[in-house]
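In: The following comprises the amino acid sequence and a computationally predicted model.
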Amino acid sequence: MNFQNLIKEFKKKGYKLTPQRRIILEILSEEKHISAEEIYERIRSSQPNVSFGTVYRNLNILLELGLIKQLDFKDGRTRFELNEGHHHHLICLNCGSAVEIQSCPFSSEVQKAAISQNFSIKSHSFKVYGYCRNCNYKKEKKGDRKGEQRN
Ligand SMILES: [Zn+2]
Ligand SMILES: [Zn+2]
Ligand SMILES: [Zn+2]
């Protein structure tokens, strides 16, 4: 979904697209997997009077509308991304970055098993934890003293 479609979708649902909600969507269309705190910091640079509570409330409205998704990369931060295209994440345990992968391991077998349990599936999650290219590279350079990294 591109930004214009997103705006249309938003209006279709009968919500007012306040400047702040618009900015949130803009931020999320520029950067994926960004935390509520980071979104707040960015908004504050143009709207110094905004409170974290308001930003959070607006994020929740966008969540309820299904326009954004909440992500948990197990690093203690709640992150968000636009709800576009089903995908999964490779999450770096060192720097917290995430790479999106388009393949999905959810199989018809899981579906069958759920049906046999009379279980209605609403969503699923699948995450892979490890070390990203950058962090691997830094690790390889360890041993060589220059390779010491700040944390
Ligand atoms: Zn990393
Ligand atoms: Zn993602
Ligand atoms: Zn999936």
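Out: Arrived safely, thanks for sending. Ligands and ions are numbered 1, 2, ... in the order given.
In: wait, Thr54 sits on Gln20?
Out: Yes. In terms of Cβ atoms under 8 Å, Thr54 counts as a neighbour of Gln20; the distance is 6.9 Å. C-beta coordinates here come from the backbone N, C-alpha and C atoms, glycine included.
In: quick one, what contacts Tyr15?
Out: Residues in contact with Tyr15 (Cβ atoms under 8 Å, 6 or more residues apart in numbering) are 21, 61, 65.
In: Would you map the helices across the chain?
Out: For the chain, the helices defined by DSSP state H cover 3-12, 19-30, 36-46, 52-64, 108-116, 133-140.
In: of all these, which lies closest to Cys92?
Out: helix 133-140 (5.7 Å; Cβ to Cβ).
In: residue contacts, Leu82?
Out: With Cβ under 8 Å, 6+ apart, Leu82 has these contacts: 1, 6, 25, 28-29, 32, 67-69.
In: now it: how far from Lys69?
Out: To Lys69, Leu82 is 8 Å away according to Cβ to Cβ, to the nearest Å.
In: ok, back up a step: ligand 3 is nearest to which of the helices of the chain?
Out: Closest approach to ligand 3 among these is made by helix 108-116 (10.0 Å; Cβ to the ion).
In: If I look at the single nearest residue of the chain relative to ligand 3, what pLDDT would I see?
Out: Nearest residue of the chain to ligand 3: Cys104, at 3.3 Å (Cβ to the ion). We have a pLDDT of 95 for Cys104.
In: For His124, see how far away it is.
Out: For Cys104, the distance to His124 - Cβ to Cβ - is 9 Å.
In: Apart from its chain neighbours, what residue comes closest to Met23?
Out: Wrong residue type there; residue 23 is Ile, not Met. Ile43 (5.6 Å; Cβ to Cβ, 6 or more residues apart in numbering).
In: Quick check: pLDDT value at that neighbour.
Out: Confidence score, pLDDT, at Ile43: 94.
In: ok, it touching Leu25?
Out: No. At 11.6 Å, Ile43 does not count as touching Leu25 under the criterion of Cβ under 8 Å.
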